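S.K.: need a structure here:
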Amino acid sequence: MQPVDFAVYVIADRRLAGGRSHEEIAAAAVAGGATVLQLRDKELTTRQLVDAAARMLAVTRQAGIPLVINDRADVALAVDAEGVHVGPDDLPVEAARRILGPNRLVGASAGTVEEAVQAELEGADYLGVGSVYKTSSKADAGPPIGIEGLRQIVQAVRLPVVAIGGITHANAAEAIRAGAAGVAVISAVVAAADITAATRSLVEVVRAARG
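M.R.: Numbers count the residues shown, from 1 in each chain. Here you go, the predicted structure:
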């Protein structure tokens, strides 16, 4: 597996995109310098999800960045995407790994040190950690863990940690300085009038914070 730059991880969620398709979100985010794309859509049928993933993959593959499918290892395999991301109520990390094999990404959500350590033990490649700040993008995000909670998880594992939940251009640098490898965003980019410009400015913030 090639090393992955998790700097700016954009989650394509149509509900916030003002009528733009997953493919349009992907193309605009890639143009702005996004380093990872995730397809997340709980409303599509499996066939529709496969179609959307295939169209997104055509964009991300040309740009040379990974496409991760939220929750659905079967869809990731069906379209030959680079990986899957699972949450606490989704497919277990070990099961996702058995399905996808050793050469695809398996990401896991974690909100506590215990969850993070367990996901690492089960074979996750990276962690989505949060919600760091209060967010309205994800109904089941739980109470924010704050920057200190993020820092504790970063220090407890060897995996790359991607900060998620309420990340904006104003606070992304704080997450990077706490040790996150990158930031995952939905509304800060997908809800923007100009997705490309919003992505580009976030990339600049993250790169500057990395020094």
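
S.K.: switch to C-alpha atoms for all contacts and neighbour counts from now on
M.R.: Fine.

S.K.: and the helices in the protein?
M.R.: For the chain, the helices defined by DSSP state H occupy 22-31, 46-63, 73-79, 93-100, 113-122, 146-156, 172-177, 187-190, 195-210.

S.K.: pick the most buried one from those.
M.R.: Per-residue neighbour counts averaged over each of the helices of the chain give the maximum for helix 187-190, namely a mean of 25 (mean count of other C-alpha atoms under 10 Å).

S.K.: rewinding a little: let's have the helices of the chain in TSV, adding mean pLDDT and distance to residue 163.
M.R.: What follows is these, written out as TSV (pLDDT from 0 to 100; distance: least, C-alpha to C-alpha, whole Å):
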stretch	mean pLDDT	distance to residue 163
helix 22-31	98	18
helix 46-63	98	21
helix 73-79	98	22
helix 93-100	97	19
helix 113-122	98	13
helix 146-156	98	7
helix 172-177	98	6
helix 187-190	97	13
helix 195-210	98	12
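
S.K.: distance to residue 86 added to those, as a markdown table?
M.R.: Listed next are the helices of the chain as a markdown table, based on distance: least, C-alpha to C-alpha, whole Å:
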| stretch | distance to residue 86 |
| --- | --- |
| helix 22-31 | 19 |
| helix 46-63 | 16 |
| helix 73-79 | 9 |
| helix 93-100 | 7 |
| helix 113-122 | 10 |
| helix 146-156 | 18 |
| helix 172-177 | 22 |
| helix 187-190 | 20 |
| helix 195-210 | 24 |
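
S.K.: what's near enough to touch the spatially closest residue to residue 77 that is not a sequence neighbour?
M.R.: If the residues on either side of it in the chain are set aside, residue 77 comes closest to residue 100, at 6.9 Å by C-alpha to C-alpha, 6 or more residues apart in numbering. Contacts for residue 100 (C-alpha atoms under 8 Å, 6 or more residues apart in numbering) come out as 73, 77, 83.
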